[in-house]
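Participant: This is the structure alone, sequence omitted:
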């Protein structure tokens, strides 16, 4: 048992030692790590390339570091950044020159093995692979492999799952977060078919950010009114804004209906339409009369049913059926066929009823007008009497005779 434990311990120690040697902790070799290996950048903004590197001890001291752009054939020759390292100044970059002055090393002390850079004012032609090169003593020089890739993205990426009426769904909008100096801000909006703009508050949106990606999730419960609406996602990086939009497709179905007059005169034409509003489209309708499809097969086309020269035997129940996503939709209507004599009688009765109703209404209107007229005349007479008898002045004259007696 003791021997077994000793052998196991030796094996474990050997594996640990081998792991140290392979990872470079025991004897460092050339190596580089990019995090992430691909950087997504927005035109006009900056891009952060984050990396660390290792090199053999025999390469000390490092004289120069370079960043190179690689061609499509894999050759990495053209320099976009050059930096000279000063051993007298603690291995820091002493002199540097770049082609466009757009690139900056984040850590000037090369002894910290940090090769991260920021590339400013990204353009479409910057979509390439890039390599880092170290030049040390004598022949110890190396252009690292693997390389890092910059991908240009000029608008957000939106993901819209299949939408169903009344079923909650999550829509996502992702935008690159390549530049720490300008974190993005995401806004959602929906433009309905009527042209109304709907905006969404923070309680509908969840944000997830990382060093390379900004993700916004919009929780939405769609309805049929949002079918063919436009959903948009605007991402702002300070003064720079990129946008994308999609047309929403909402799966929905409304009630199946049969349109048409349910009372038809004998000899006229029966016309019925079977319709349903839905997305995706339903199957063509199947008509039946009194439980049979054969008797009216020749009278149907698409959603229409038309029977000319209707007779009494055409009265009854008509049923329309459609299939929507493996679901059967059904509607029915009861048709009554009226004989010409009955129809004429109904017309006569309606005319007589209408005539009597008109006379009655005329009499009522005449009575109201007459009553109002008499009321107005009575009021005018009362007003006239009051005007003529408001005040009467009486003047009495007194006359005296010769004897002093007065007389009127």
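Facilitator: In hand now; what should we look at? In this text, all values refer to a predicted model and were calculated from it rather than measured experimentally.

Participant: Could you break this structure into its assigned domains?
Facilitator: 23-152, 157-251, 254-338 (automatic domain parsing).

Participant: Quick check, central residue of this structure?
Facilitator: Centroid-nearest residue in the chain, with C-alpha atoms, centre = their mean: residue 231, separated by 2.4 Å.

Participant: Not counting sequence-adjacent ones, nearest residue to that one?
Facilitator: Distances taken as C-beta to C-beta, 6 or more residues apart in numbering put residue 190 closest to residue 231, at 5.0 Å, once the chain neighbours are dropped. Using the backbone N, CA and C atoms, a C-beta is placed for each residue, glycine as well.

Participant: now the one helix or strand residue 264 maps to, how far from the centre of its chain.
Facilitator: Here residue 264 sits within strand 263-265, counting by DSSP states H and E. Here strand 263-265 is found 48 Å from its chain centre; the criterion is C-alpha atoms, centre = their mean, to the nearest Å.

Participant: Name the next helix or strand downstream of it, please.
Facilitator: Where DSSP H and E defines the elements, the next helix or strand beyond strand 263-265 is strand 270-275.

Participant: where does the stretch 1-150 of the chain have low pLDDT?
Facilitator: 1-28, 87-91, 94-100 (pLDDT under 70).

Participant: ugh, typo on my part, it should be the stretch 251-400 of the chain
Facilitator: 341-356, 358, 362-364, 366-400.

Participant: Would you map the strands across it?
Facilitator: Along the stretch 251-400 of the chain, counting by DSSP state E, counting those that start in this stretch, strands occupy 257-259, 263-265, 270-275, 278-279, 286-289, 300-301, 304-307, 316-324, 327-338, 399-400.

Participant: Quick one: closest of those to residue 242.
Facilitator: Counting by C-beta to C-beta, residue 242 lies closest to strand 278-279 out of the strands of the stretch 251-400 of the chain; the figure is 30.2 Å.

Participant: which strands and helices sit next to the closest one?
Facilitator: strand 250-253 (3 or more C-beta pairs under 8 Å, 6 or more residues apart in numbering; DSSP states H and E).

Participant: ok, the strand it packs on: who's next to it in the sheet?
Facilitator: strand 163-164 (parallel), strand 278-279 (antiparallel) (DSSP bridges).

Participant: now those strands in a markdown table, with distance to residue 246?
Facilitator: Converted to a markdown table, the strands paired with strand 250-253 look like this (distance: least, C-beta to C-beta, whole Å):
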| stretch | distance to residue 246 |
| --- | --- |
| strand 163-164 | 11 |
| strand 278-279 | 16 |
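
Participant: contacting residues around the nearest residue to residue 320 once chain neighbours are set aside?
Facilitator: For residue 320, ignoring the flanking residues on the chain, the nearest one in space by C-beta to C-beta, 6+ apart is residue 274 at 3.7 Å. Neighbouring residues of residue 274 by C-beta atoms under 8 Å, 6 or more residues apart in numbering: 256, 257, 258, 285, 287, 303, 304, 305, 320, 322, 331.

Participant: Can you select the buried ones among these for me in PyMOL?
Facilitator: Applying 16 or more other C-beta atoms under 10 Å to these, the buried members can be selected in PyMOL as follows:
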select buried, resi 256+258+285+287+303+304+305+320+322+331
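
Participant: Including distance to residue 43, could the contacts of residue 274 go into a markdown table?
Facilitator: Listed next are those as a markdown table, based on distance: C-beta to C-beta, whole Å:
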| residue | distance to residue 43 |
| --- | --- |
| 256 | 52 |
| 257 | 53 |
| 258 | 57 |
| 285 | 53 |
| 287 | 59 |
| 303 | 51 |
| 304 | 56 |
| 305 | 60 |
| 320 | 56 |
| 322 | 50 |
| 331 | 56 |
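
Participant: Of the contacts of residue 274, which is the nearest to residue 174?
Facilitator: Closest approach to residue 174 among these (C-beta to C-beta): residue 322, at 39.8 Å.

Participant: Name whatever forms a beta bridge with that closest one.
Facilitator: Those that pair with residue 322 in a beta bridge, by DSSP bridges, are residue 329.

Participant: for residue 271, same thing?
Facilitator: residue 306.

Participant: That one: neighbour count?
Facilitator: 14 (other C-beta atoms under 10 Å).

Participant: Ok, the one 5 residues further on next?
Facilitator: The local packing count at residue 276 equals 18, with neighbours defined by other C-beta under 10 Å.

Participant: I'd like to know how far it sits from residue 333.
Facilitator: The spacing between residue 276 and residue 333, counted by C-beta to C-beta, to the nearest Å, is 14 Å.

Participant: Kindly report the same for residue 246.
Facilitator: Residue 246 is 40 Å from residue 333, by C-beta to C-beta.

Participant: more neighbours, the two?
Facilitator: Shown here are residue 246 and residue 333; by other C-beta under 10 Å, residue 333 has more neighbours (18 against 15).

Participant: who's in contact with the nearest residue to the more buried one once chain neighbours are set aside?
Facilitator: Take residue 333 and drop its neighbours on the chain: the residue closest to it by C-beta to C-beta, 6+ apart is residue 258, 4.6 Å away. Residue 258 makes contact with 272, 273, 274, 275, 318, 320, 331, 332, 333, according to C-beta under 8 Å, 6+ apart.

Participant: Who are the contact partners of the nearest residue to residue 248 once chain neighbours are set aside?
Facilitator: Closest residue to residue 248 apart from its sequence neighbours, by C-beta to C-beta, 6+ apart: residue 229 at 5.0 Å. Neighbour list for residue 229: 190, 191, 192, 193, 247, 248 [criterion: C-beta under 8 Å, 6+ apart].

Participant: got a pLDDT number for residue 229?
Facilitator: As predicted, residue 229 sits at a pLDDT of 96.

Participant: what's the answer for residue 204, then?
Facilitator: Predicted confidence (pLDDT) at residue 204: the value is 70.
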